[in-house]
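A.B. asks: From the sequence below, what's the structure:
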Amino acid sequence: MKKLIVVLMGGISGERDISFLSGKACSKALKKKGYKVIELDASGFFVRDLIKLKPKVVFNALHGKYGEDGFIQSILEALKIPYTHSGVAASNNAMNKDLSKLIFRKNNMKVPKYFLLEKNKKVSLNKKMKKNKIRFPIVIKPVNEGSSLGVHICTNKGEFKKNYKKISNNYNKIILEEYIPGREIQVAVMGSRGLGAIELIPKRKFYDYKAKYSNKAKTKHIMPAPLTSKKNIEVLNIAKKAHKVLKCRGISRSDFRFYKNKFYLLETNTQPGMTKLSLVPEIADHNNISFEELVSWMVKDASINR
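C.D. replies: As a prediction, this is how the structure comes out:
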């Protein structure tokens, strides 16, 4: 029997249910590899339980707020427990869509035009859009959220007002971003290696929460993405660069739109889903890396000071 691994899952974010799916799948895979595994819901007094358990490694299967924004990472660093995925700063910067875009722009990566809207601050939408050279359709999304929660595509001002009112009840800062049409390409990075690019063709408007996690809203996956060799190398290099400039560790997944022969980087996810419908395991499998081997690699890669 190998060292004790605690799989942190659940938590208190809007992605709690998905985190349980990821966590259960990873727990099962680690047991198959011979690890002693305890599953722990990251809610209530879980830190007290974590201290008592004294795990050799924490497998972080949390998603969303407090799981992939640097919060749980700071706790694990303080407890000096090695953990998977990215560290405090990288997790915070990647989760914050404003900060990550600033970092990407600074490093000469193409991102959609955007601006911030803050709750209780009155602004002229027309003036802001004109100043930033953005026209309808537009995308609005919370600054700090995952799994496409709170994301809406608005084709006119009426749709914007309705959706903005809906999400501003729960979020103080919202990104308004130009809508980039074209093909949806996502790239997995494992350490310093670009694993591959996959193309998604959702039946819905875009690859939203339901498209990601519901069998009823099936999305067509094309692996590998049908790109020329040159374009495939290009998008893998951009994803690896995003991983590097954010100072990510372990696994990450970067989301792109491919439009007019250019890749637009939408965001980088430091805690990509690990469910049976998730993309990173599918990309890894295409590279002859089984799910069990993938999660085992992540455990071996675990550390503090990430």
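A.B. asks: what are the ranges of the strands in the stretch 1-150 of the chain?
C.D. replies: 4-9, 36-41, 57-60, 114-118, 138-142 (DSSP state E, counting those that start in this stretch).
A.B. asks: Out of the ones you listed, which is the most enclosed?
C.D. replies: Highest mean neighbour count of these: strand 57-60, a mean of 27 (counted as mean count of other C-beta atoms under 10 Å). Heads up, the C-betas are built off the backbone N, CA and C, glycines and all.
A.B. asks: and it, what does it pack onto?
C.D. replies: When contacts are defined as 3 or more C-beta pairs under 8 Å, 6 or more residues apart in numbering; DSSP states H and E, strand 57-60 packs onto strand 4-9, helix 16-32, helix 71-79, helix 291-301.
A.B. asks: try 6 Å this time
C.D. replies: In terms of contacts (3 or more C-beta pairs under 6 Å, 6 or more residues apart in numbering; DSSP states H and E), strand 57-60 is packed against strand 4-9.
A.B. asks: got a list of contacts for the strand it packs on?
C.D. replies: Residues outside strand 4-9 that contact it (C-beta atoms under 6 Å, 6 or more residues apart in numbering): 19-20, 23, 26-27, 30, 35-40, 42, 53, 55-62.
A.B. asks: Recalculate using a threshold of 8 Å.
C.D. replies: 19-20, 22-24, 26-27, 30, 35-42, 46, 50, 53-62, 67, 72, 299 (C-beta atoms under 8 Å, 6 or more residues apart in numbering).
A.B. asks: and that strand with strand 36-41, angle?
C.D. replies: 30 degrees (axes from the mean of the first three to the mean of the last three C-alpha atoms, to 10 degrees).
A.B. asks: tell me how far strand 4-9 is from the chain's mean position?
C.D. replies: Centroid separation for strand 4-9 versus its chain: 20 Å, with C-alpha atoms, centre = their mean, to the nearest Å.
A.B. asks: what mean pLDDT does that strand have?
C.D. replies: Mean pLDDT, strand 4-9: 98.
A.B. asks: Partner strands of it and their direction?
C.D. replies: Strand pairing for strand 4-9, using DSSP bridges, gives strand 36-41 (parallel), strand 57-60 (parallel).
A.B. asks: Surely Thr196 and Ile289 touch.
C.D. replies: That one is not Thr; residue 196 is Gly. No: counting by C-beta atoms under 8 Å, Gly196 stays clear of Ile289, with 10.3 Å between them.
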